[in-house]
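J.: Next one to model:
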Amino acid sequence: MTKVKPYKNSDLGKKEQVTKMFDAISKEYDGLNRVISFGIDVKWRKKVVEIVANSQSKVILDIATGTGDMAINLAETNAEKIVGLDISEGMLNVGKQKVLKKGLQNRIEMVVGDSENLPFENNSFDAITVGFGIRNFETLEKGLSEIHRVLKPNGVFVILETSVPTKTPFKQGYNLYSRHILPVIGKLFSKDRSAYKYLSDSASVFPYGENLNNILRKTGFINVINKPQTFGVATIYTSSK
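T.: So this is what the prediction gives:
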């Protein structure tokens, strides 16, 4: 079973710690995320939306929706219903305001929930997405099994997640940025100084590429493909049930 260490030494489990972390950074998360990724994350999300749009999905679940960026972007598809689920109420509260501001409250529903115990019936969704959240699962295989359960047969599952470049000089540049520059930016802009160190550390140890492909296959997903983005600093994974 794949587990990622929590971001602080604490008596709390990883799930509880991650919830508190995202509650703490929820108000500055969007702005800081744009700075950290140089805005390229917007382009990556658009590619995920294109994949889902091509599947003609009508009911979509966005897991670890956070402040709702992916869910809002998915409204560009022909989906009739989009559910954004996150364990952090703080992040969801920011997301709800963004949904209201865009007048999408009739299509997008924001729900507090645990990715490893999804509050939905079997075979409920035509498409499921997870953007930069799957490495925060306490037990990866359990979360993936839940996603497989609530995805409809022939449904599409798309993951957007950070990864580590494998080619020189991008690998060296990524390591320099993630280990030394990213934590400094986090300290300058965030109330929770441990949060962005955790995000960096968790990305460096999380399985990516063919390793994550194999975990998806073992969980029951088929047609598994991974597509590295921007020299490999992120990867889009597509699969189906």
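J.: all helices of this protein, in order?
T.: 14-37, 40-54, 69-74, 89-101, 140-150, 170-176, 182-189, 193-205, 210-219 (DSSP state H).
J.: And stretch 81-100, what's buried?
T.: Of all the residues in stretch 81-100, those buried under the rule 16 or more other CB atoms under 10 Å are 82-88, 90-92, 94-96, 98-99. Every residue, glycine included, has its C-beta placed from N, CA and C.
J.: let me fix that: stretch 20-29
T.: Buried residues in stretch 20-29, defined by neighbour count with 16+ other CB under 10 Å: 20-26, 28-29.
J.: out of the buried residues of stretch 81-100, who's nearest Leu144?
T.: Leu85 (14.8 Å; CB to CB).
J.: May I ask which two of the buried residues of stretch 20-29 are separated the most?
T.: The most widely separated members of the buried residues of stretch 20-29 are Lys20 and Glu28, with 15.3 Å between them, by CB to CB.
J.: Flag the shaky bits of the protein, pLDDT-wise.
T.: 1-13, 35, 37, 183, 186-200 (pLDDT under 70).
J.: For the longest strand seen in it, what is the distance to the chain centroid?
T.: Longest strand in the chain by number of residues (criterion: DSSP state E): strand 151-162. Relative to the mean C-alpha coordinate of its chain, strand 151-162 is positioned 12 Å out (CA atoms, centre = their mean, to the nearest Å).
J.: Which neighbours in the sheet does it have, and how are they oriented?
T.: Using DSSP bridges, strand 151-162 pairs in its sheet with strand 125-131 (parallel), strand 234-240 (antiparallel).
J.: which ones are touching Val224?
T.: Counting by CB atoms under 8 Å, 6 or more residues apart in numbering, Val224 makes contact with 213, 216-217, 237-239.
J.: Pull out the buried residues from those residues.
T.: For those, buried by 16+ other CB under 10 Å: 213, 216, 237-239.
J.: The longest strand of the chain vs helix 14-37, what angle?
T.: Relative orientation of strand 151-162 versus helix 14-37 (axes from the mean of the first three to the mean of the last three CA atoms, to 10 degrees): 60 degrees.
J.: Right, I'll call it a day here.
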